[in-house]
Each structure stands twice: as C-alpha cells, then as structure tokens.
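S.K.: output the structure for:
(3 chains, ligands or ions: 6)
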Amino acid sequence: MITGTGVTKTYRQRGNLLGGRDVQALRGVDFAIEKGGAVTFIGESGCGKTTLGRIVAGLETYDSGEIVIDGTPMSGLRHRQRQAHFRRVQLIHQDPYSALNPTRTIHQTLHAPLALRARQKGRSKAWAEERARELLTLVGIDPGYVLPRYPHQLSGGMRQRVVIARALTVDPEVLVADESVSMIDVSLRLGILALLKDLRERLNVSVLFITHDIATARYIGDDGELYVIYRGQVVERGPTEAVISEPVHPYTQALLSAIPVLRGVERPGAERVVPTEALDERHADTGCLFARRCPFRTERCESERPSLEGTVHGHACYHPQPRAVIPVEASA
Amino acid sequence: MTESFAPGVRVQDLTVVYRTPVGELPALAGVGLTLAPGTITGIVGESGSGKSTLALSLLNAVQPPGRISGGSVEIDGLGDVVRLTGDDLRRARGRQVGYVFQAAQNSLNPLKTVGKQLLDLGRSHDVADLPALLREARALLGRMGLDGGRVLDSYQHELSGGMRQRVGIMLALVLNAHLVVLDEPTTALDMITQATILRIVKEVHRERGLTTLIVTHDIGVAAEVTDSLAVMYGGRVVEHGPTMDVLGSPRHPYTRGLIRAIPRLSGDIGEATALPGRPPTLGTIPAEGCVFRERCPLRMAVCDTVDPAPAAYGERTVACHAVGRPVNLAVRKEYV
Amino acid sequence: MTVTQLLPAPATPRRNFWRGVLRVMRRKPSRMAGVAIVALFAFMGLFGPLLYPSPLPRDDNALYAAPSWAHPFGTDFEGTDVLALVVTGTRYVLLAGLATAVITVALGTGIGLLAGFHRGRWDTVLMRLTDLQLTIPGLPLLLVLSTVWKFTSPLEMGVVLGVLGWGGIARAVRSQTLSLRERGFIEAARGLGLSTRHIVGRELLPSMAPYIAMNMLIAVTGAIYAQVGLFFLGVLPFDANNWGVMLNLAVFGGGALTSAAALPYLLAPLLAILLLTLGIVLVVDAMDEIFNPRLREE
Ligand SMILES: Nc1ncnc2c1ncn2[C@@H]1O[C@H](COP(=O)(O)OP(=O)(O)OP(=O)(O)O)[C@@H](O)[C@H]1O
Ligand SMILES: Nc1ncnc2c1ncn2[C@@H]1O[C@H](COP(=O)(O)OP(=O)(O)O)[C@@H](O)[C@H]1O
Ligand code: SF4
Ligand code: SF4
Ligand SMILES: [Mg+2]
Ligand SMILES: [Mg+2]
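M.R.: Ligands and ions are numbered 1, 2, ... in the order given. Have a look, this model is predicted:
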C-alpha cells in the first residue's frame, strides 16, 4: 500500500524571454493506493498528472509532504534504500516507441532486469530465461515470436505489452500507467486495458491509472477510486462510478461534458457545460483555482480556496452543483 | 475567381500505391466516396488504414514514394484533381481546398512567426491585398476565441497545442477555401481542448458554408461532429453512411467490432470487448479476398478469394459478403 | 535443471550484425567504392613498406622525371619513385590518424558520457575541463613541442593531436547523453534498478554508436589533414617518410607551384589524401544504417 500526504512539487523556471515563472505542479495532494486497488487521476493537460505518476514511481523528487510505501516513509531514507522501495512501483510510459531501446532485442531488454533478479534471489540463469517466457505469455504474446525481435518489428500494442512484461520482471506492487493506451491503435486499446485489469486480479498488483479518457477508468476498475485534479489540487475524489454518475464539482462536470457522445448509441446528458476559456497557469491562484472558468463562482470563490471535504465522495467547492452530464444509452 | 459555395466531391475507384523495397503496394485500393456539398464527413479507421493517404489525394498531394495510380477525384468547380498539374494544382490547394495537416501542432515553422508564415502563404498564392489577408486572419482567430494580433506575432513554441491547431484551421480557411480537410485535428489534445476545437470546427463549417472532411481514429470525435461517416480498413472504405445510422446499427463486422471495443461512460462497461488480431500494414494486406477476414467473426469460404465490392443499402454502402445475406453459421465455424 | 528450456537462439547478434553490415554496404555502389578505397589504403599502410626495398632506390639520371610506365607519378628531386614514396608513407599517416581518432573518441565519449549522465557537479567540472581543452591554441603548442620532440613515431603524433582534439566530441556526446537520458528506456532501466555500468554501456552507448563511429571516421580525416599540414608547413622536423614531407619538398624544394617538372610530385600525395578522404566520407554515409537495427534489417 502506498499513501501520499500533502505532496507538493514546484518546477522552478529560469526566467527567459517569455517571462519564466515557477509552476506549482502539485499543491498538496493526498492519495492512497490499496494493494490490488485501482486509482485513476483525470484532468486536463498540465494539471500535474504526469508529475504525480513520476513521483510515485520515484523518478521525480517532491518538495514537501510524505510518501509512505508499506509503512515506510520515504523522506528519511538514503538514496539507495529509497530506490529499492520505489522499485516496487513501475511506470508504464505513454509512448511504447521510446520506452524500448531500439538497439536491443526484446530478449536483451527482458534479460537485463531478470538476470539481476536471479542474482538477488539466488536463482539460476535458466530461471531468468524461463521467467521471460512466462511473463510474455502472461501479457498475452508469443515468446517465441517476440524474443528475438527488435522493437521496431513489433506493433504498438505488442510493444506496450512488452513494456508491461518488463515492468513485471521486478515483481512490482504498483503499476503506474500514464496515458498508456493513448498512442495505441483503437482496436488494440481495450486489449491493453483488459490486461491491466487482469493483472490486478491475477497478481494482485495495484494500478495507478492516469488518463483524460474517463471511460477507460471505468474499465480498469469499477471498484476503483477516481481523483479529479486541477492545477495541482485534487478537486473531487470518490468511487469511480459515483464520481462519473453524480459529479458535484463544476470542473468534473466540465470534463465529463467534454467527452464526445457516441450519437446513435448514446444521447447527450441533460446539462453539458464546457468552459470556453482555456486553462492558463497564469490565472490567479488566490481563491478557488477554477474560479476564472467556473460558471458558478461567487465573491467568496475568488478570495478563499476551498479544500477537499467529505470522506467517501469528497469535493473542493463552495457551491457544489448536482448535475446530470453523462450521456445516456439511446433507446434502440 | 473564388466562388462561394460548398463543393461536392466524388472519389471514384481511387488507387494509390507506395513504392517499397518489395515493389509498389496499394495503400488505397479502388476507393469510392462521395462528400455531399455542405456536409461534414468523417473518416475513421486504425493507423495505416489509408485515411491520410485518401485525404491527401483530395488535393492530389500524395508525395513520392507514393503516387495516384488510378481513379478520379471530382471536385465541383475544379474538375478531376488527379488530372490537375503545375500551377493549376498549386492554386487549387489553399484557394479551393484548405488542408490542416496531421499533427498540425508541430507543422508550423518554428523559426518564423505565424504572421510571417501567413504572409508567405499569401505571396505564394499571389494575394494582392496582404493587409486584407492579415485582417481576415485576425478576424478568424478572434472568431476562434484567440487574440489574433498576439497569435500572429507568436512563434510556434509560444502557443499551446490547442492554439496551434486553431492556427492550422485559420491557415486552411484564410484563402477562402470551401472544401476543408482536417487530418486528426484533436489527437494529442485533452478532452476540454478537443471539445473546444470540435465546437469551432462545427461553427465555422456552418457560418462559412463549407464542405468538411475530418480524418480521425477516434470514433467519439467523428460521432460528435459529422453528418456522414466512412469507416476504412486496409485501404478500403468498408462502410459509409449517415453517422447516426452507422453508429446506431453498424453492418460491417469491422465497424461493429470497433464500436464494441470502445469503453463507454454509460451502460454496462463489461460489454466492451476487444477486437481480436491487429490491423494489417502495407506489406501484410492480403492481395486477394476480404482484407478483414483474419479478424472477422463472420468469415466464409468466399471471403478468402473474393474481395467484397461495396454495395448500396439505402443511404448506406457496405463492402462485406455477409451483409444482405443470411449468415451461414456452419460454414463460419469451419473457417474461424 | 534441464537445459531444454533455453531460448531458440535469440538474436545471435554477432553473425546477424556483420551480415547486416554487408547488406547495408551493398545497398549503394558508392559505399562499396568507399570500402574498397579504405581497404586499399589499409593494405598500403600494412604492407606498403614491405613492397619496396629500404631505403628506396634512387635514380640519379631521372631527377624530377615525367610520369612514365616505370614511374607513374614521376620521380622526386633524388630520382626516387613518387608512387613508392606515397605507398611507403601511408603507414605513418594512417597510424597517426588512427591513434588520434582513438584517443579523441575515447576521451571525448568517456568525458561526455560521464558529464551528461551524472549531471550536477561532475558535469560542471568536466565541462570546465572541456572548455579549457577547447581554448588551448593547438598550433603554437605544437611549434613549441616540436623543438623538444621529434615525432618520429606516428603514435606520439597521434597522442598529441588526440589530447588536443577531444573537446568537440565531448561536448556533442554530453548533449546527446542529456537528451537520451530523458528517453523512456533509460528511465525504465533506472526504475528497474539496473546498474549504471549497464545503463551507460549497454543502453546509452549503443544508441550513440552511429554517432561515435561517424565522429571517429571524421576524426581520422581531421588528423590526417592536421599532421600533413604540420609537416607541410615544416612546423615539425621530419626524418620520416610522409605525405606532408613530400608536399613540403615539392613546393619549397621543387618549386612545384612555378615549374611543371615537380607537379606530379606535388599532386601524388594530394591525390592520396583526397582519395582517402573520399573513401571515408563514402563509408560514413552507411553508419546510421549499420547501427540502427531498423535500417539495417530492412
Ligand atoms: N511515404 C510512404 N512510404 C511507404 N508507405 C507509406 C508511406 N506513407 C504511408 N504509407 C503506407 O500507406 C498506408 C496508409 O497510410 P496512411 O498514412 O494513409 O494511414 P492513416 O490511416 O492516415 O494512419 P494514421 O492513423 O497512423 O495516420 C500505411 O500502410 C502506410 O504504412
Ligand atoms: N520538467 C519540468 N520542468 C518544468 N515544468 C514542468 C516539468 N514537468 C512538468 N512541468 C509543468 O508542471 C505542470 C504539470 O505538468 P504535468 O505533470 O506534466 O501535467 P499532466 O500530466 O497533467 O499534463 C505543467 O504546467 C507543466 O508545464
Ligand atoms: S469554489 Fe466557486 S469557483 Fe470554485 S468550483 Fe466551486 S463554485 Fe466554482
Ligand atoms: S467479407 Fe467476409 S471476411 Fe470480410 S468482413 Fe464480410 S464476412 Fe468478414
Ligand atoms: Mg501528462
Ligand atoms: Mg494519418
């Protein structure tokens, strides 16, 4: 189990011609990833999703707050120990093209971490070879076909499966999937999502799923938690189905409204509202971060920042609006 | 002599081949498609299905190693573009057909401001009144919710993905083209930016009286904005018809599989099922028989040898042996 | 345990690699020509001195003789065959060129990798060092050195030129490393806990191989120009037989620029240099394809 409390991250930017300024990518984020659970973060580009995923995977530092992995706080540890803990969290990159070394065969790619693993466990070389085949079979590809090949000889979907197999070589407890299917062919996406879902069930690994396609979050786990993040703050959080069907924060409602409706199969929800103004980091951050684009803002919203309230289904808004925005099934 | 009307487009039997080390392979094989004047048509399909190639053919702009090897593209007011050459062709691009390239987010020149690029465009099309062109560009950008003056003074890296996409649309429309082709206009944008771009596309389409073609791999995007929808697979249009009908009652097995593979916000999420197999590439498209048969649940004996020809069913065109005749399950079992 | 579980000969890389190289080379006739030229010079460097008696025979009756069947490029001021001079001079030039290239590339790559991969303090220190190297004025230093050093061995020559020339490569390799280390596969390797040695040696270095090989070949030509230039200018004392020496003697001794008699004597080493450069340039063209499995296998 991994928990984060009050995680903040600011990217300091050196001033350039554009008038560089610091970007607060995360402003005190709390989260908990249960063993075998599914946690999804959604939000627009630049809201801090990738930053959070990289911090959880130990690839990025954080400024303040605490990350606790299985009861061990990370901030007190020395670099080496911390790396060892973070090894239990593996990141699946968005781009399966750059995630595999083009000059190495899949066999070479999988062999390196497995050989290390074999040494740690006192296992033989043959074990590593056997394990490579086992993992590839587990992610649904034919080891005989894939192993001797270079990444460019595989399709996008196969590559992403290899990336997942590679992450599994170190027996991780959490897989961080950052937009992991957005660069994969439409007909193959569901296969990868099904694989992640399957790994949850079979290996009991948890999945931290980062996306702006909310529907895929339902697929990974309808028993999961959904976090809506805006400009580095979690503005709504709750069970996936509840947040999708009864969103209360205006930003969540905007995100849901923006999802295209499959006309012919679905009908638009009753009230869809998409902000016309674009997200701009330079907007004021004194009050509610969403105030500038929010149709319901009041004076209070502009001076005071609401914090996340509520236990099961929480939101950070002074004027929560129950609204029906999701599409409904069209009557045949 | 730009006329203000939405042109119709008739693509007939279009074949485009790419030269590869193993000879010339068809990326489009005998494609037929009609864009009704004033409508928005969507083309969906997986990577490599030939969407961009078809879109480029509308301007006779397929680049070597590719070439149009057969068929015709009739555009009202222009004639058969496949036959246009030299200056006529150059004038047609931009003046009559506006094109927003795939990954328009990265297709601007990083070393020149948007305004400079606009002036280059104007000069290459012999626009006499450049200040008027700038005014028109500012108005268009303003129409799309941007500060026109500032955008024209900006370099590519100073604009966000959504802004660049809008600049792409502005450049396609500024010469008053009435046929607009958008290749993957929202790929790599987040949901809210995507919704904004789609709204703009719809509004501009209506206000200026355009015929619009949108290429996308995202069925949701097509569903949101298009009037009619063409589904491509392996260099063929396998199904085409009014969007609502195609999505509501898909007839080609590929269209059905594709729609079923979309996780949706409503309904039973467990119903989403992956399509087995993977899309063919240029080298693996079967030379004879139906190109979809390796992944098709309805495959029959005839599918292995005869490429199904598109047939009209009311407003719909479908290319599949199993459509319009009862499915013989016994035959199917043998070949799955 | 059983051995039957072994993988079906995955990627017998070595054999595949050389077969791939051959395939890449065959793709363009120009590359084969390049290989032939380079091979010819390698042969001359290896066996050239064995083909002729040492010292080379002189013919006092044929000083500055015009080209003929016996002397395709004529003879020099002592009546020695120019072709023989070029052939026997190859070894020094090539050895010095190779030594220079090995040293510049080894130093440059090593320092660039270290700086780029570790960043931070390492980077600052190493880049200072690189700047320092880049500001050393090479020619004056060589002038000074030549007063105490004879450079009879081509390896000495190579060491000096190498130590004076790694800065550019170090900078380039550093910036390549900086951009590569952000790539997904390097990040994944770090996340999996693989050793730095593995990451640098097995992941980073092969990705930069075409780049390094190209630099190496270009460094060879650079070094050849440099040393030939130094000898030609008479900056270095010469007792060895060498193309630069030939040029020097042809111009300053034979007046090749004013009289036609010494012209072949001048042209022969020039031709040799140009031909070798051409050969290398033609081969460099193939490096990208050789080290990129995608381009190699197709
Ligand atoms: N320059 C080229 N040389 C060789 N083959 C090409 C070239 N351009 C495209 N192709 C091939 O033609 C086929 C159709 O390509 P096209 O770009 O039209 O696909 P697309 O449907 O637009 O795909 P995407 O969704 O990836 O943009 C593909 O198999 C592709 O590999
Ligand atoms: N390495 C970095 N240096 C500076 N700013 C960064 C860096 N990475 C991300 N940011 C900024 O932090 C914010 C959050 O980014 P990110 O986590 O990538 O968001 P998301 O994944 O939600 O799109 C953005 O404003 C982005 O520009
Ligand atoms: S706090 Fe106010 S401004 Fe912020 S989301 Fe709620 S209503 Fe809108
Ligand atoms: S023609 Fe045959 S194989 Fe092709 S889609 Fe129809 S039923 Fe399937
Ligand atoms: Mg991101
Ligand atoms: Mg395309």
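
S.K.: low-confidence ranges in chain B?
M.R.: B:1-4, B:103-106, B:325-336 (pLDDT under 70).

S.K.: name the single longest helix found in it.
M.R.: Counting residues, the longest helix found in chain B (DSSP state H) is helix B:191-208.

S.K.: what lies in contact with that helix?
M.R.: A:44-45, A:212-214, A:254-255, A:257-260, A:274-276, A:278-279, B:40, B:143-145, B:160-162, B:165-166, B:169, B:173, B:178, B:180, B:182, B:185-186, B:189, B:210, B:212, B:214, B:221, B:224-225 (Cβ atoms under 8 Å, 6 or more residues apart in numbering or on different chains). All C-beta atoms are positioned from the backbone trio N, CA, C, and that covers glycine.

S.K.: same check, this time on stretch C:205-216
M.R.: In contact with stretch C:205-216 (Cβ under 8 Å, 6+ apart) are residues A:101-104, C:101-102, C:104-105, C:108-109, C:113, C:169, C:172-173, C:176-177, C:180, C:284, C:287-288, C:290-292.

S.K.: ok, now stretch C:187-194?
M.R.: Contacts for stretch C:187-194 (Cβ under 8 Å, 6+ apart): A:57-59, A:83-84, A:86-87, A:90-91, A:93, A:99, A:112-113, A:116, A:163, A:166-167, A:169-170, C:181, C:198-199, C:203.

S.K.: could you give the residue of chain B that lies closest to ligand 6?
M.R.: B:Ser52 (3.1 Å; Cβ to the ion).

S.K.: elements contacting the helix or strand hosting that residue?
M.R.: Element membership for B:Ser52, per DSSP states H and E: helix B:51-57. With contacts defined as 3 or more Cβ pairs under 8 Å, 6 or more residues apart in numbering or on different chains; DSSP states H and E, the packing partners of helix B:51-57 are strand B:9-20, strand B:23-35, strand B:40-44, strand B:66-75, strand B:179-183, strand B:211-216.

S.K.: same thing but at 10 Å, please
M.R.: Judged by 3 or more Cβ pairs under 10 Å, 6 or more residues apart in numbering or on different chains; DSSP states H and E, the packing partners of helix B:51-57 are strand B:9-20, strand B:23-35, strand B:40-44, strand B:66-75, strand B:97-100, strand B:179-183, strand B:211-216, strand B:228-233.

S.K.: in the stretch 101-250 of chain B, which residue sits nearest ligand 2?
M.R.: Taking Cβ to the nearest ligand atom, ligand 2 has its nearest neighbour within the stretch 101-250 of chain B at B:Asp190, 7.5 Å off.

S.K.: tell me where chain A has helices.
M.R.: Counting by DSSP H, the helices of chain A are A:49-56, A:79-86, A:106-121, A:125-138, A:143-146, A:156-168, A:186-203, A:214-220, A:240-245, A:250-258, A:299-303.

S.K.: gap between whatever residue of the stretch 151-300 of chain B ends up closest to ligand 3 and A:Gly46?
M.R.: Closest contact between the stretch 151-300 of chain B and ligand 3, by Cβ to the nearest ligand atom, is at B:Ile192 (14.6 Å). Using Cβ to Cβ, to the nearest Å, B:Ile192 is found at 11 Å from A:Gly46.

S.K.: so what sits against both of the two?
M.R.: Residues touching both B:Ile192 and A:Gly46 by Cβ atoms under 10 Å, 6 or more residues apart in numbering or on different chains: A:Leu279.

S.K.: hmm, back to that, can you tell me which of the contacts of stretch C:205-216 are in helices?
M.R.: Using DSSP H, these in helices are C:101-102, C:104-105, C:108-109, C:113, C:169, C:172-173, C:176-177, C:180, C:284, C:287-288, C:290-291.
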